[in-house]
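> Test case, fold it:
(chains A, B, C, D, E, F and G)
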Amino acid sequence: MLSAPSIKLSALTARIQQVMKDAFAGQTFWVVADVTNYSFYQQKQYHYFDLVEKEANGGAVVAKVSAVAWGEGALRIQAFEQATGQVFKNDIHVLVKVSVSYHHVYGLQITLLDIDTNFTIGLLEQQKQAVLKKLLEDMPGVIQKVGDRYETLNNRLDLPPVIQRIAVVTSMNSAGYQDFRHTLEHNPFGFTFDIDYHFTVVQGETKAELVLQRLIDIFLSKKPYDAVVMIRGGGAQTDFLLFDTYLLGKAVAKFPLPVITGIGHQKNETVVDMMAHTPTKTPTKAAEFIIAHNRKFEVAVQTLQKNIVVRSQQLFHAHFQALTTLQNSINASAQAIISIHKDAVYDSKQWIVQQSRERLHQQKQQLTQITHDITRSPAQQLLEQKHLLKELQMNMAFKSKTVLQQQQLAVQHYNTVFKLLSPENTLKRGFAIIQKNDQIITGMQQLNEGDTIRIQMQGGKATATITQKQSYDGHQ
Amino acid sequence: MDTNNLTYEAAFEELKEIEADIANETVSVDVLAEKVKRAAALIQFCQSKLRATEVEVNNIIKQMEKTKKD
Amino acid sequence: MDTNNLTYEAAFEELKEIEADIANETVSVDVLAEKVKRAAALIQFCQSKLRATEVEVNNIIKQMEKTKKD
Amino acid sequence: MDTNNLTYEAAFEELKEIEADIANETVSVDVLAEKVKRAAALIQFCQSKLRATEVEVNNIIKQMEKTKKD
Amino acid sequence: MDTNNLTYEAAFEELKEIEADIANETVSVDVLAEKVKRAAALIQFCQSKLRATEVEVNNIIKQMEKTKKD
Amino acid sequence: MDTNNLTYEAAFEELKEIEADIANETVSVDVLAEKVKRAAALIQFCQSKLRATEVEVNNIIKQMEKTKKD
Amino acid sequence: MDTNNLTYEAAFEELKEIEADIANETVSVDVLAEKVKRAAALIQFCQSKLRATEVEVNNIIKQMEKTKKD
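Numbering: from 1, shown residues only, chains lettered A, B, ... in the order given. Alright, predicted model coming up:
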């Protein structure tokens, strides 16, 4: 067996150290990895853990390295926990800044220098959005998104006017619970409350089932609670992820009593806050909200009291005024009626006086007119008769004279006619009358030759004999 | 000739008859004279009567007018 | 001539008849004077009656006017 | 003439009839005087009645006006 | 004239009737005085009643106002 | 006038009716005084009732305010 | 009014009704005092209950019912 040349182990580790130093000294790397085998030494503020890389489908470890954080790195982790609400622990996916070194005793050393909060926040936010999405999808009847808000069965519940009987879900020793209790019990208005505490561990994601069990206990108790208050204990630990779980979100959204939260989250709301009736920032705020709510009711009652006092005084005033108005109206109307009637009676009197005088006057005038007519007409009529008589008399005188004159003319006519016709007047005009045997001859045929005739003429008679006779026809 | 009991009316009628007779020449010269004589008597009667009536009527009228003026 | 029991109305009617008779020359000369005489009497009757009535009416009217002025 | 038991109304009606008769000359001279006399009586009656009524009415009116001043 | 048992209402109605009668000249002179007399009585009655009512109403009003000020 | 057994409500209604009647002049003069008298009694009744109620209510209110301060 | 099982809700509702009734003047004066008394009791109930323990609350309610029956 040959004896090979050897070196001291320290010489080897020194060479390794030299190589590592040459390769990594002064360099840092941002590495994405999962945390496992985590342990924390609080007194020294040392974090020991492994960083591993797993296959995408989740099974085998591809790479693994031990890491440590202390000093600056430990402070960064603390800041990370504050900022994200995510506890640095196993199975979290992180982006860390590391340096690589080699130690003679401890070997390869990866030291955590910084941890990217934003990377983890982004991851948590993605998880939270996934939970919310699933809640919306699984329970469309219970949860709806309206704008930026989530409307749930719970936050659609009406708060009773006074919140006096309260079930509180909290961890027994948390500072938050003390704050809540103190605030309620020492309220400045002297309000009393009936509070049942349902203690649980309100830390760590895996405790969601415990919290849910408390809610179920409250529901099964059938006590007439006005509201359920969920407060987180606060303290050093900062793990809110419990309140982003699907399990609690679903339970709160469906819970039949109004849920008031006071989880103590400084940055953004948890899923439970979103599903709850009334989210507040802290347990103290939750207590203050309840006191304010009750005070609001009391103020409303006091306002009603004030209104009733004022209104009843107004009512009295209105009635007194209405009575006065009625009284005045009745008095005025009564006086008006009397006045109207007085006028009417007076008018009636005046009218009757005037009309009766007028009637008498009218009658007098008519009588005067008739008297005048009657006195004037007879004189006229008598005068007319007188004229008629005179006319008659004159007519008669005239006509009588006319009659007599006419008769005289007629008689005169006969006088003239007969004077002319008398034989004496005929003889005077040279005519003669021939007589034969005392017969007046009027024609030749009465005479013969030899007849003796007597001729009568004016102044006497002569006797003659016809010697010759000659006839003619008268057309001489 | 007789004109007693004669009225003016009758006398005037007779005069008209005589005139008619003479106009018809049925009166012989023998009676003509007689007729004319009768006519003359009738005319005188009528004229008398007329004159008397005139006087009487005028008197009445005068009387009337006199009375009226009273 | 008789005018007793005569009314003015009747008298006036008779007068108008006489006037018509005379105007129509239906009155013979024999009764003319008589008719005229009758007319004269009637006229006188009517005038009297008229005068009497006038006097009476005037008296009544005077009486009335006297009464009215009282 | 009788005006007893007459009312003003009736008297006035009668007067109007008389007036109409006289105006229409349907009254003969024979009754004219009588009618005028009747009218005179009626007029007097009416005037008396009117005067009496006037006095009475005026008294009542005076009484009424006196009452008002109280 | 009798105004006993009369109400103001009835009296006033009667007055209005008398007024209408006189206006329509359906009241003859014969009853005019009587109607006016009745009217006068009614007017006096109405005025008395009105005055009495006025006094009574005013007293009540005064009483009320006194009470109010107390 | 009787205001026993009256409620404020009934009294007030009656008052309003009286007011309406008088305002519309449907109240005859004959009953006017009576109506006004009734109104006066009702008003007095209402005012008394109001005042009594006011006192009672004010006492309750005082009591309330006292209790609150305790 | 029943105050058993009286809750804040019921008391508040009743108070609001009373307020509305009084504000709308639908409360007659006759019952106003009674209403105000009831309101006072309800207000006292609410305020006491806010500050009382469960035992005390029952006492308040009993007290109210006793008062009501008086």
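> hey, let's count contacts and neighbours off CA atoms from now on
OK.
> Centre of the chain to the longest helix along chain B, how far?
Identified as the longest helix of chain B according to DSSP state H is helix B:29-69. Distance, stretch centre to chain centre, for helix B:29-69: 6 Å (Cα atoms, centre = their mean, to the nearest Å).
> State the mean pLDDT of that helix.
Helix B:29-69 shows a mean pLDDT of 85.
> just checking, what packs against that helix?
helix A:283-421, helix A:423-428, helix B:8-23, helix C:29-69 (3 or more Cα pairs under 8 Å, 6 or more residues apart in numbering or on different chains; DSSP states H and E).
> make it 10 Å
With contacts taken as 3 or more Cα pairs under 10 Å, 6 or more residues apart in numbering or on different chains; DSSP states H and E, helix B:29-69 sits against helix A:283-421, helix A:423-428, strand A:439-440, helix B:8-23, helix C:29-69.
> Kindly present the ones you listed as a markdown table, with separate columns for mean neighbour count.
Converted to a markdown table, the helices and strands packed on helix B:29-69 look like this (neighbours: other Cα atoms under 10 Å in any protein chain shown):
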| stretch | mean neighbour count |
| --- | --- |
| helix A:283-421 | 18 |
| helix A:423-428 | 15 |
| strand A:439-440 | 14 |
| helix B:8-23 | 16 |
| helix C:29-69 | 18 |
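> of all those, which lies closest to B:Asn58?
Distance to B:Asn58, taken as Cα to Cα, is lowest for helix A:283-421 among the helices and strands packed on helix B:29-69, at 8.2 Å.
> what is the orientation angle of that closest one with helix G:29-51?
Helix A:283-421 and helix G:29-51 meet at an angle of 160 degrees, taking axes from the mean of the first three to the mean of the last three Cα atoms, to 10 degrees as the criterion.
> Any part of helix A:283-421 near chain B?
Yes - applying Cα under 10 Å from any Cα of the partner chain, one finds helix A:283-421 in contact with chain B at A:390, A:393-394, A:396-398, A:400-401, A:403-405, A:407-421.
> A:Val211 and chain E: what is the separation?
Per Cα to the nearest Cα, to the nearest Å, A:Val211 is found 74 Å from chain E.
> Need the pLDDT of residue 6.
Using chain A. In this model, A:Ser6 carries a pLDDT of 87.
> You answered for a different chain; I wanted chain B.
The per-residue pLDDT of B:Leu6 was computed as 85.
> show me the contacts for it.
For B:Leu6, the contact set (Cα atoms under 10 Å, 6 or more residues apart in numbering or on different chains) comprises B:12, B:42, B:45-46.
> can I assume A:Lys364 is in contact with D:Arg51?
Yes - look at A:Lys364 against D:Arg51 with Cα atoms under 10 Å: they come within range, at 9.0 Å.
> circling back: in a markdown table, list the helices and strands packed on helix B:29-69 along with distance to D:Lys37.
Below are the helices and strands packed on helix B:29-69 laid out as a markdown table (distance: least, Cα to Cα, whole Å):
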| stretch | distance to D:Lys37 |
| --- | --- |
| helix A:283-421 | 10 |
| helix A:423-428 | 76 |
| strand A:439-440 | 86 |
| helix B:8-23 | 52 |
| helix C:29-69 | 6 |
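> Let me know which of these is the nearest to D:Ile22.
helix A:283-421 (6.4 Å).
> Quick one: mean pLDDT over that closest one.
90.
> Which residue is it, in chain B, that comes closest to chain C?
Minimum separation of chain B from chain C (Cα to the nearest Cα) falls at B:Val57, amounting to 5.4 Å.
> Now do the contacts for the closest residue to that residue other than its chain neighbours.
Nearest residue to B:Val57, sequence neighbours excluded (Cα to Cα, 6 or more residues apart in numbering or on different chains): C:Ala33, at 5.4 Å. Residues in contact with C:Ala33 (Cα under 10 Å, 6+ apart) are A:400, B:52-60, C:27, C:39.
> Quick one: residues contacting the spatially most central residue of chain B.
For chain B, the residue nearest the mean C-alpha position is B:Cys46 (1.7 Å; Cα atoms, centre = their mean). B:Cys46 makes contact with A:407-408, A:410-412, B:3, B:6-12, B:15, B:40, B:52, C:29, according to Cα under 10 Å, 6+ apart.
> now with 7 Å?
Residues near B:Cys46 by Cα atoms under 7 Å, 6 or more residues apart in numbering or on different chains: A:411, B:8, B:11.
> Looking at those residues, which is nearest chain F?
B:Tyr8 (103.2 Å).
> Test my guess that that closest one contacts C:Asp30.
Yes - assessed by Cα atoms under 7 Å, B:Tyr8 is found in contact with C:Asp30 at 6.1 Å.
> and the host helix or strand of A:Ile166, what does it pack onto?
Per DSSP states H and E, A:Ile166 falls inside strand A:165-170. Applying 3 or more Cα pairs under 7 Å, 6 or more residues apart in numbering or on different chains; DSSP states H and E, one finds that strand A:165-170 contacts strand A:194-199, strand A:227-231.
> What angle do strand A:227-231 and the very next helix or strand once past the shortest one make with each other?
Read that as strand A:227-231. Downstream of strand A:227-231, the next assigned helix or strand under DSSP H and E is helix A:246-254. The directions of helix A:246-254 and strand A:227-231 differ by 150 degrees, with the same axes, to 10 degrees as the criterion.
> tell me the mean pLDDT over helix A:246-254?
92.
> Just the pLDDT for A:Ala208.
81.
> for it, helix, strand, or coil?
The local conformation at A:Ala208, judged by DSSP: H, G, I helix; E, B strand; the rest coil, is helix.
> what's the answer for A:Gln109, then?
Taking three-state DSSP, the label given to A:Gln109 is strand.
> That one: neighbour count?
Residues near A:Gln109, counting by other Cα atoms under 10 Å in any protein chain shown, number 16.
> who touches it in this structure?
A:66-67, A:100-103.
> top of the residues you listed by neighbour count?
A:Ala67 (22 neighbours).
> May I see the buried residues of stretch A:68-75?
By 16 or more other Cα atoms under 10 Å in any protein chain shown, the buried positions in stretch A:68-75 come out as A:68-70, A:73-74.
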